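Visitor: Here's a sequence, model it:
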Amino acid sequence: MNPIRTFPLMMASALALSLTGGAFAQSTSTPQGGQAFNTGISNRNYPHSDWALINGKIYTVNPDQPWASAIVVEDNRITYVGDAEGLKDQIGIATEVVDLEGKMVVPGFVEGHFHVVAGGIVAQGVDLQTDNKEEVFEKLRQYVKDNPDLEVIEGYGVRLSTFSDGLPTKEMFDEIESERPIYLWTVDGHSAFVNSKALEIAGVDKDTPETVPGYSYFDRDADKNPTGFIIEVPAQLQVLSKLRTFNADTVLEGVNDWLPKFSAAGITTVFDYGVQGVSNDEAFDWLQKREMEGALPIRLQGSYYWNDPKIDPVPPLLDLKEKYNSELVKVDTLKINLDGGDEKWSALLTEPYADKPEVKPEPIIPYDVLNKVVENATSEGLNITCHCFGDLAVRKLLDASEAARKANPATESHIAVSHAVLVSPQDIPRFGPLGVTYDTTGFWMSFDPLLQSITTERFGADRVQAMFPMKEIREAGGNISLGSDWPASGYLSEYRPLLSIRTAVTRQLPGRDDVPPLGGDDARVPLDMAIYAQTLGAAKGRGLDDRIGSLEVGKLADMVVLDQNLFDIDPHDIDKVKVLLTIMNGNVQHDELGVSE
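Guide: Below you'll find the model as predicted:
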């Protein structure tokens, strides 16, 4: 028998009359009272959105009313948050009442850093995430055997830490398949492995010029021949575009396969950090078409991806902002790529690399250009997010933000620093006063094999243990945000917010709980802080906290029902909690309760 009871339409009015008699249990942590609000706004894409969820442990992420036992939705807005007594004026004959019987409700998860469209390109084929190099080849060998009709063998998730003693070459992959091209994305999405056939089809040999010298190129042997390892996306796409057709239909078909999985994980809003493989117009047109059809299960805020200092990104972003401004699809953010990462010595650091102190990488965007563009973008009210891996990159973005705030004190722009795996202690107090959000990835907050090997070699043990100072930044008054960076990652490619929260809270990954928490026990993020970062904090970082991120009257009806109360279980079990129901914009997008039947 389903433990969640839904009440037919004609029973709802009778039920409303009985609520004040104590028919439904009330959480002892639930405050009395509630508010009613009706905006009169209609979401014409969806036919039915009237809900009352009762008898729940509703964690609102609203500091003024953190807990409630009942919540009511009219059309796509929350109209009531409170206790059973206040429901008597809320439930009508057409209200669908769901008895949660103590299940937990949280706001819909907001993904602070996501790659929806890029995921349709990268996360295809065989998943090669493993720490065993022989298993990589065995998985690939089996996939080749099981798919004799595929024209291109694709895979993703190869961990460079698995090959820390020497990267595989094209000849190794030729032994597995030489007649068909092989293309394998690394787990960070910033490099790839290919076989000889792939290079042959793409026309890449020792005479091929580098795609973007010093940034995106082909690794070569002593004779200048490509080894089969490709660095950074421009060179990667130079090859991949010759192996398969890139258009909206082929790329976005892959996106379509993933959308239901996001809803099943409780994701209701994502901030997409740059379209790849197709044009911005193709991607956003497709997303808006799905929205018009009532078939888009997430809310998406898009961006214009900028990594070329020769291009002024503000005019094209303004064009996108004007064109794409619908209820579920908006484009208003400039995504800046300022540095790279640790593996290739391309992160910008305030102190030298531990293993190669002579290496001093240049910023992808010169600092004077960065300052000018940030100022111009904020003058137009555009939001900004910046890939800043190293602490010097973080500092330079904070400096640019400070100058822009002074030049444009009335701006409504929201600025976020993304990744920021290292932050200098002197910069931690700057986030709050500058209104800059610290956005980072929960899945990365553990002492995983990548950090134990490559990252420790690059940074040294002390800097590694100081990585991801989310707790310190929040305690210093800064806003914080969690985003998975799916499908890219340093070690674990994942998108499920509950696993992100679990890792941030424990600073350990499932299956690796015997490894001491990254940064020690004091670095562990409190559960309420982690939930905030995956909901209201992420929304605030992009200027949507007045619409989503918490369960409050007047906000959009994005919420998730969980089968356990996160505050009542061992933090190491958070990732095992099931998402039973996902409601986005007042509509059921994932249902394991049968309420939409």
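Visitor: Grab the nearest non-local neighbour of Gly189.
Guide: Ala488 (3.5 Å; CB to CB, 6 or more residues apart in numbering). Placement of C-beta: from N, CA and C, glycine included.
Visitor: pretty sure the one you found is touching Phe114, no?
Guide: No - applying CB atoms under 8 Å, one finds Ala488 not in contact with Phe114, separated by 10.0 Å.
Visitor: Compare these two and say which is more crowded by neighbours.
Guide: Phe114 (26 against 23; other CB atoms under 10 Å).
Visitor: Specify the beta-bridge partners of Phe271.
Guide: The partner list for Phe271 in beta bridges (DSSP bridges) reads Gln301.
Visitor: Can you tell me the element the residue nearest to Gly189 falls in?
Guide: Using DSSP states H and E, Ala488 sits in no helix or strand.
Visitor: separation between it and Leu167?
Guide: 18 Å (CB to CB, to the nearest Å).
Visitor: Contact partners for Gly432?
Guide: Ala476, Gly477, Gly478, Asn479 (CB atoms under 8 Å, 6 or more residues apart in numbering).
Visitor: What mean pLDDT does the one helix or strand it maps to get?
Guide: Here Gly432 sits within helix 431-434, counting by DSSP H and E. For helix 431-434, mean pLDDT rounds to 98.
Visitor: Contacts for the next helix or strand after that helix next, please.
Guide: As assigned by DSSP H and E, the chain's next helix or strand after helix 431-434 is strand 436-440. Outside of strand 436-440, the residues within contact range by CB under 8 Å, 6+ apart are 112-113, 385, 397-398, 401, 414-421, 423, 430-431, 468, 470, 473-474, 478-483, 537-538, 540-541.
Visitor: Just the buried residues of those.
Guide: 112-113, 385, 397-398, 401, 414-421, 423, 430-431, 468, 470, 473-474, 478-483, 537-538, 540-541 (16 or more other CB atoms under 10 Å).
Visitor: out of the residues you listed, which are inside helices?
Guide: Assigned to helices by DSSP state H, the following of those qualify: Leu397, Leu398, Ser401, Phe431, Met470, Ile473, Arg474, Gly537, Ala538, Lys540, Gly541.
Visitor: Now Phe137: phi and psi?
Guide: phi -70, psi -40 (degrees, to the nearest 10).
Visitor: And for it, nearest residue in space, chain neighbours not counted?
Guide: Spatial nearest neighbour of Phe137, chain neighbours left out: Ile176 (6.7 Å); criterion: CB to CB, 6+ apart.
Visitor: quick one, what contacts that neighbour?
Guide: Residues in contact with Ile176 (CB under 8 Å, 6+ apart) are Phe137, Leu140, Arg141, Val144, Ile182, Asn195.
Visitor: measure Glu282 to Glu293 for me?
Guide: 17 Å.
Visitor: ok, what's across the strand from Tyr183?
Guide: Glu154, Val194.
Visitor: How about the contacts made by it?
Guide: Val152, Ile153, Glu154, Gly155, Ala192, Phe193, Val194, Ala198, Val239, Leu240, Leu243.
Visitor: Show me which of these are buried.
Guide: Val152, Ile153, Glu154, Gly155, Ala192, Phe193, Val194, Ala198, Val239, Leu240, Leu243.
Visitor: Might you calculate how far stretch 335-346 sits from the centre of the chain?
Guide: Centre-to-centre, stretch 335-346 and its host chain are 18 Å apart (CA atoms, centre = their mean, to the nearest Å).
Visitor: May I see the buried residues of that stretch?
Guide: Lys335, Ile336, Asn337, Leu338, Asp339, Gly340, Gly341, Asp342, Glu343, Lys344, Ser346.
Visitor: Specify the local secondary structure of the last one.
Guide: Three states are possible here, and by DSSP: H, G, I helix; E, B strand; the rest coil the one that applies to Ser346 is coil.
Visitor: Now it: closest residue in space that isn't a chain neighbour?
Guide: Gly340 (2.7 Å).
Visitor: just checking, that neighbour touches Leu349?
Guide: No - using CB under 8 Å, Gly340 is not in contact with Leu349; the gap is 11.4 Å.
Visitor: which ones are touching Phe114?
Guide: Val270, Phe271, Asp272, Tyr273, Gly483, Ser484, Asp485, Trp486, Tyr495.
Visitor: Compute the number of surrounding residues for the closest residue in space to it that isn't next to it in sequence.
Guide: In space, and not counting its chain neighbours, Phe114 is closest to Val270: 4.0 Å by CB to CB, 6+ apart. Residues lying near Val270 (other CB under 10 Å) number 25.
Visitor: So for stretch 516-526, what gets flagged as buried?
Guide: The neighbour-count check on stretch 516-526 (16+ other CB under 10 Å) flags Pro517, Leu518, Gly519, Ala523, Arg524, Val525 as buried.
Visitor: re earlier: so Glu282 and Glu293 - more neighbours on which side?
Guide: Glu282 (18 against 9).
Visitor: Is it correct that Pro510 is in contact with Leu499?
Guide: Yes - counting by CB under 8 Å, Pro510 does reach Leu499; the two are 7.4 Å apart.
Visitor: ok, those two, which is more surrounded?
Guide: Leu499 (21 against 16).
Visitor: For Ser453, what are phi and psi?
Guide: phi -110, psi -90.
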